[in-house]
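Novice: Quick one: sequence plus predicted model below, questions after.
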Amino acid sequence: MSTVEIKRATPATIADVAFLFDAYRVFYKQTSDVAAAHKFLTERLSKDESVIFVAYLEGKPVGFTQLYTSFSSVSLQPLFILNDLFVEGAHRGKGIGEQLLLAAKTLCKQNNYKGVALETAEDNPAQHLYEKLGWIKDDGFLHYFWSCN
């Protein structure tokens, strides 16, 4: 079995993840725009607004996760929001998503953050992976969203 390498993205390696980010957006019914994806990711990293881990299989980027920092006012601690997780279809089931999630957890622990939050669709098959790795489904809170569009 090939070795998967997880690396933290830098502005110099955005091209490695931009096409994956574009594919992720297309999966969620957005129009493909690799240039806009590249620009968005470059802005997030240059402004230190996110952390991106990229999974490489035999030197080829095949998956990524993106984390944003937020804060818990109640616990007075920072936390990560795992907003994006994507593995190319041909490489799913190889443990790549798990390795990306473990990288997020490791970074959280290294920074003494409260934890890593994520939201997912009710029909997302990755739920079993989240639960296997220690994420706890929160049935006690409702999530609301207001959109200005």
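Specialist: Yep, it's here. Quick caveat: nothing in here was measured; it's all calculated off a predicted structure.

Novice: what residue ranges in this structure score low on pLDDT?
Specialist: Scanning the chain for pLDDT under 70 picks out 1.

Novice: 50 instead?
Specialist: Nowhere does the chain drop to pLDDT under 50.

Novice: Going along the chain, name the strands of it.
Specialist: 4-8, 50-57, 60-72, 77-87, 116-118 (DSSP state E).

Novice: and the spatially most central residue of the chain, what is it in contact with?
Specialist: The residue lying closest to the centre of the chain (CA atoms, centre = their mean) is residue 65, at 2.5 Å. Each residue near residue 65 by CB atoms under 8 Å, 6 or more residues apart in numbering is listed here: 52-53, 82, 84-86, 100-101, 103-104. For glycine as for every other residue, the C-beta is placed from the backbone atoms N, C-alpha and C.

Novice: Against residue 75, how distant is the residue nearest to residue 8 when sequence neighbours are not counted?
Specialist: Nearest residue to residue 8, sequence neighbours excluded (CB to CB, 6 or more residues apart in numbering): residue 53, at 5.8 Å. Look at residue 53 and residue 75: by CB to CB, to the nearest Å, they are 25 Å apart.

Novice: So for these two, which sits in the more crowded spot?
Specialist: Remark: of residue 53 and residue 75, residue 53 carries more neighbours, 23 against 10, as counted by other CB atoms under 10 Å.

Novice: I'd like to know the beta-bridge partner residues of the more buried one.
Specialist: Here residue 53 sits in beta bridges with residue 8, residue 65, going by DSSP bridges.

Novice: distance of it from residue 112?
Specialist: Separation of residue 53 from residue 112 (CB to CB): 19 Å.

Novice: again with residue 140
Specialist: 25 Å.

Novice: which of the contacts of residue 65 lies closest to residue 147?
Specialist: Of all these, residue 147 sits closest to residue 84, with 18.9 Å by CB to CB.

Novice: Can you report how many residues neighbour the closest one?
Specialist: With other CB under 10 Å as criterion, residue 84 counts 19.
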